[in-house]
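**Q** structure of the sequence below:
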Amino acid sequence: MDAETYPHESVRAELAKWVFDRVDVEGERGVAELLQVSAVPVAVALTPDGRVLRRFEGHFQARKFADLLAEVRSSR
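**A** Numbers count the residues shown, from 1 in each chain. Predicted coordinates for the structure are as follows:
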């Protein structure tokens, strides 16, 4: 995801509409456990109060990932 999905223009444009943060699951095990991350790659869309909106597990093509993020954002 780091090499192909996140740098893609469509994903960057959609992520600009979110508060985006990365978690080092090795270095921040508490956060990884809280978000129930057991494998990578995984992305978790959260509300401002921490409620999980959607989990994205595995690799996604850029356009599909951008579309899924937009769908989650518009359903709020």
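**Q** max-length helix in this structure?
**A** In the chain, with assignment by DSSP state H, the single longest helix is helix 62-74.
**Q** how about that one: buried residues?
**A** Going by neighbour count (16 or more other Cβ atoms under 10 Å), the buried part of helix 62-74 is Ala62, Phe65, Ala66, Leu68, Leu69. Heads up, the C-betas are built off the backbone N, CA and C, glycines and all.
**Q** show me the residue sitting in the middle of this protein in space.
**A** Ala43 (2.9 Å; Cα atoms, centre = their mean).
**Q** can you pull the pLDDT of that residue?
**A** On pLDDT, Ala43 comes in at 94.
**Q** same check, this time on Glu57
**A** 94.
**Q** what about it, neighbour count?
**A** The local packing of Glu57 (other Cβ atoms under 10 Å) involves 13 other residues.
**Q** in contact with it, which residues?
**A** Ala39, Pro41, Val42 (Cβ atoms under 8 Å, 6 or more residues apart in numbering).
**Q** as CSV, those with secondary structure and neighbour count would be great.
**A** Listed next are the contacts of Glu57 as CSV, based on DSSP: H, G, I helix; E, B strand; the rest coil; neighbours: other Cβ atoms under 10 Å:
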residue, secondary structure, neighbour count
Ala39, coil, 8
Pro41, coil, 14
Val42, strand, 17
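**Q** redo these as JSON lines? Include distance to Glu14.
**A** Listed next are the contacts of Glu57 as JSON lines, based on distance: Cβ to Cβ, whole Å:
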{"residue": "Ala39", "distance to Glu14": "23"}
{"residue": "Pro41", "distance to Glu14": "16"}
{"residue": "Val42", "distance to Glu14": "17"}
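**Q** and the residue nearest to Val37 when sequence neighbours are not counted, which of the three is it?
**A** Nearest non-adjacent residue to Val37, counting by Cβ to Cβ, 6 or more residues apart in numbering: Val25, 5.4 Å away. Three-state assignment for Val25 (DSSP: H, G, I helix; E, B strand; the rest coil): coil.
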